[in-house]
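In: What shape does this take:
(chains A and B)
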Number of protein chains: 2
Amino acid sequence: MQFLIIGGDAAGMSAASRAKRLRPDLQVTVLEQTQDVSYSACGMPYNIADPERPIDDLVVREAEVFRRQQGIDLRLGHTATAIDLAARLVHATTPHGLQAKLPYDRLLIATGARPLQPEIPGVDLPGIFALKSLADGRRIKAYLKGQEVSKVAIIGMGYIALEMCEALIQRDIKVDLIKPRPRLLPWMPEALASTVQATCEAAGAHLFPGTAIQRIERSGDHLMIMGDGILLRADMILVATGITPNSELASEAGLQLGPARAIAVNRRLQTSDPAVYAAGDCADAHHLVTGRSAWIPLALRANRAGWAVADNVCGVPTELDGIVGTAVFRVLDLEVARTGLSQTEAEGAGFSPVAVTIQTRSRAHAHKGAVPIQVHLVGDTVSGRLLGAQMVGGEGVAHRINAAAVALQNRMKVADFSQADLAYAPPFGPVWDPLLTAANQLKKKLLPPKESERP
Amino acid sequence: MQFLIIGGDAAGMSAASRAKRLRPDLQVTVLEQTQDVSYSACGMPYNIADPERPIDDLVVREAEVFRRQQGIDLRLGHTATAIDLAARLVHATTPHGLQAKLPYDRLLIATGARPLQPEIPGVDLPGIFALKSLADGRRIKAYLKGQEVSKVAIIGMGYIALEMCEALIQRDIKVDLIKPRPRLLPWMPEALASTVQATCEAAGAHLFPGTAIQRIERSGDHLMIMGDGILLRADMILVATGITPNSELASEAGLQLGPARAIAVNRRLQTSDPAVYAAGDCADAHHLVTGRSAWIPLALRANRAGWAVADNVCGVPTELDGIVGTAVFRVLDLEVARTGLSQTEAEGAGFSPVAVTIQTRSRAHAHKGAVPIQVHLVGDTVSGRLLGAQMVGGEGVAHRINAAAVALQNRMKVADFSQADLAYAPPFGPVWDPLLTAANQLKKKLLPPKESERP
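Out: Purely as a prediction, here's the structure:
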């Protein structure tokens, strides 16, 4: 049986490796457009922060290892150009420009996502980069090494933008961040987002939210961003305005798309053609809080979906429950985490949400070194369910969010979550964990009016 | 209505404060044997570590605040001597040695626990301390200040012993730890416990597990512990061999006791007399994993139970689901955490457990500063349920355990927990969180034989 995989990143290579382990007799072929497979994409900002580290430190496994040790037919520089569902054929271009037709019994589309390119005149000038592939990281690192870069302008303020803000500041490079939309991290309540903004500014970054960009121009050694009422000079520009799924191949073949034009899959990761799977950043997922499909491209889901595809292809029926949208990133001294829905997202999904935001401390009363932690919890007034959690703080945020993620997975009510038996010791938090303090307050808001008058 | 509380520590004062907030008209009287209320007992080792910090930094609220601002009739130096359930009277001794009879409509017994005193000749010599009350902490701190203490022997190796080991090493005091039972942290698998032992030894502590103690003697300026084949010289000795509930008052009144002679309570915290509640370290709790009563005296439960008693006394019916036995402590560079049952405890509770132990890293591939994390998970072969988790590591353990705690609260199966959508970013863990890697492995062990042959 021929198992063909388009795309050799997290989902594709996870599926290929696992399929070969499960069924060594399987023919597994992977078509990868670039020259890179199996690298830690999320590690790129941290690698870029350190001029001494080669970017190839991020490579987890070399292509040759997949070929020799695992027997995977890995074809680098191969671009799939069309899928013929009826004939079970993939058309591809080889590195030499030849056309190839590859038959399959089972196909996995793991084409990932690509950076969104904003429609700004001059956005394709030299010295302007996106950061998605290892090749992008390599180019940025080479540029920082080869040029005199003392100032970078970042277009966008999402987590890649903020991680790169940290990385560049660590290299003593000045950073400006600019975006047309009015708020940093708009899925966060103002109280938490302003903590993130204040931390960036305290480290010397300048943030210009709500600033439309007219054009980018080169002026001598510099690039200039002309925005509404501002003019930013930079030695390099990073465009980090989000990503979009590479779903055109699937769509042109007639496969169904879901939210954000990601490839629609069922819990077995099958597309609308049962012989064709999709996984990773190009595919959607079942969201356990909304009960609907969602496109939230993240690394754990990509790896997990890759494995599940391999299981299903190899005759071990596997269904994925779904996701709750848990994500975390670090920016400078802050940990920023979320799981589930924001209040606005909850309204959009048909809930009747209320929310609380608390601020407490990362360690116990009188324990040295405590820093502020902010917790925002969203609950549903109709069902009493917990719908989402967001946290910002100097420590103890990144892993703490997981308790809320497991609560969401279990569709817990806020009242039940407020009874969680969470760990306590003075170096790690107050007796009442910040999540519990927030849950206790949210519980009161969810009670019927008479009860909620009580303290 | 008179709400009488015996014991002014975490559970007692939580109940008193909340009751007064809920119903300002209520007469709330607290009898406290010592002169201290409302202090962070768990913070004592960290305070003792710092010679410059007054021990009173640990006091959260002064007695006068409870009296004046909250209107609580707080009587320090009062010792309850008997409870007359039929007459609804508590007999007490006042600080002047007078006998008093206090009537109640609702009574809360929050008498806490006391250190176990091992039966060793000489254990009551001067220079030998236990650490439970703030007065204990004050005495230890004064002794360390007033004497030349360069070496302390600690009898016991539980979390108080290990936290004090850290505290004393921070003060450049040498530490020996000795205990008769053969293993450090016997509820932990050898692989994790030996990491803890190695860390203590690397910091200069000497551990003598499996060493029976014959007697303690004073010899000149020193204390001598005569043990099996060893002789330990110390300037001070700390006895930390565990605690036992102060349940005699309840027992003599005819109230029912539960495991470990803790006072048996239902989910509303009522004892076998519905007018009498018990909460805090003297009371038992419903264990959500075993479905039985358990005595696991910890601060969060004490505070939560105090609140729940106040709610019930004030006419807001409140049931506590129960506990899963989550605990964490720090020792030197290590975070040590547990939730649920160990394999041995699971066998004792009638499960058919299997367990896995994995070692992984605290940060992503190629991310600097990663340290080892060990995870031990226990699951039930019959139901497939997750039964317990234990972790040891240099970072990312203390809060990570909470994900497993919430899973236990929801009686999750290992297979479902292995699908948890946990947070990932390179500074905080691998793509597959250590808990998920362990759950994936445990899941394979729980599958029927045929399935488990698959990788």
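
In: So, low pLDDT: which residues of the stretch 301-450 of chain A?
Out: For the stretch 301-450 of chain A, applying pLDDT under 70 flags the ranges A:448-450.

In: can you give me the strands for it?
Out: Ranges of strands in the stretch 301-450 of chain A, per DSSP state E, counting those that start in this stretch, are A:327-331, A:334-340, A:353-361, A:372-380, A:386-393.

In: Could you do the stretch 1-150 of chain A as well?
Out: For the stretch 1-150 of chain A, the strands defined by DSSP E, counting those that start in this stretch cover A:2-6, A:27-32, A:73-76, A:79-84, A:89-93, A:99-103, A:106-109, A:113-115, A:128-129.

In: Can you verify residue A:191 is assigned to a strand?
Out: No: secondary structure of residue A:191 (DSSP: H, G, I helix; E, B strand; the rest coil): helix, not part of a strand.

In: show me the contacts for the closest residue to it other than its chain neighbours.
Out: Of all residues not flanking residue A:191 in the chain, residue A:357 sits nearest, at 5.1 Å (C-beta to C-beta, 6 or more residues apart in numbering or on different chains). Every residue, glycine included, has its C-beta placed from N, CA and C. The contact partners of residue A:357, by C-beta atoms under 8 Å, 6 or more residues apart in numbering or on different chains, come to A:189, A:191, A:192, A:374, A:375, A:376, A:438.

In: So what pairs up with residue A:357 in the strands?
Out: Beta-bridge partners of residue A:357, counted by DSSP bridges, are residue A:376.

In: Next one: it from residue A:434, what distance?
Out: Distance, residue A:357 to residue A:434, by C-beta to C-beta, to the nearest Å: 11 Å.

In: Among the strands of the stretch 1-150 of chain A, single out whichever gets nearest to chain B.
Out: strand A:27-32 (14.7 Å; C-beta to the nearest C-beta).

In: helix or strand for residue A:177, which one?
Out: Residue A:177 is part of strand A:174-178 when elements are defined by DSSP states H and E.

In: er, residue A:195 actually
Out: Assigned by DSSP H and E, residue A:195 belongs to helix A:190-202.

In: relative to strand A:353-361, how tilted is that helix?
Out: Orientation of helix A:190-202 against strand A:353-361 (axes from the mean of the first three to the mean of the last three C-alpha atoms, to 10 degrees) gives an angle of 40 degrees.

In: buried sites along helix A:190-202?
Out: A:192, A:193, A:194, A:195, A:196, A:197, A:199, A:200 (16 or more other C-beta atoms under 10 Å in any protein chain shown).

In: ok, and what's touching that helix?
Out: Defining contact as C-beta under 8 Å, 6+ apart, one finds that helix A:190-202 is touched by A:162, A:165, A:177, A:183-186, A:188, A:207, A:331-334, A:336, A:357, A:359, A:372, A:374, A:376, A:390-392.

In: which is the next helix or strand following it?
Out: strand A:206-208.

In: Give the pairing partners of the helix or strand that comes right after that following strand; include direction for each.
Out: Downstream of strand A:206-208, the first helix or strand assigned by DSSP H and E is strand A:213-219. Looking at strand A:213-219 with DSSP bridges, its partner strands are strand A:222-227 (antiparallel).

In: mind checking how far the strand it pairs with is from the chain centre?
Out: 28 Å (C-alpha atoms, centre = their mean, to the nearest Å).

In: pLDDT on that strand, on average?
Out: Strand A:222-227 shows a mean pLDDT of 95.

In: and which of the buried residues of helix A:190-202 is nearest to residue B:382?
Out: Closest approach to residue B:382 among these (C-beta to C-beta): residue A:192, at 44.1 Å.

In: residues in contact with the nearest residue to that closest one once chain neighbours are set aside?
Out: Spatial nearest neighbour of residue A:192, excluding adjacent residues (C-beta to C-beta, 6+ apart): residue A:392 at 4.5 Å. By C-beta under 8 Å, 6+ apart, residue A:392 lies in contact with A:188, A:192, A:195, A:196, A:334, A:335, A:336, A:337, A:373, A:374.

In: quick check, nearest of the residues you listed to residue B:82?
Out: Of all these, residue B:82 sits closest to residue A:373, with 45.7 Å by C-beta to C-beta.

In: Isn't that closest one up against residue A:401?
Out: No: taking contacts as C-beta atoms under 8 Å, residue A:373 lies outside contact range of residue A:401: 11.2 Å.
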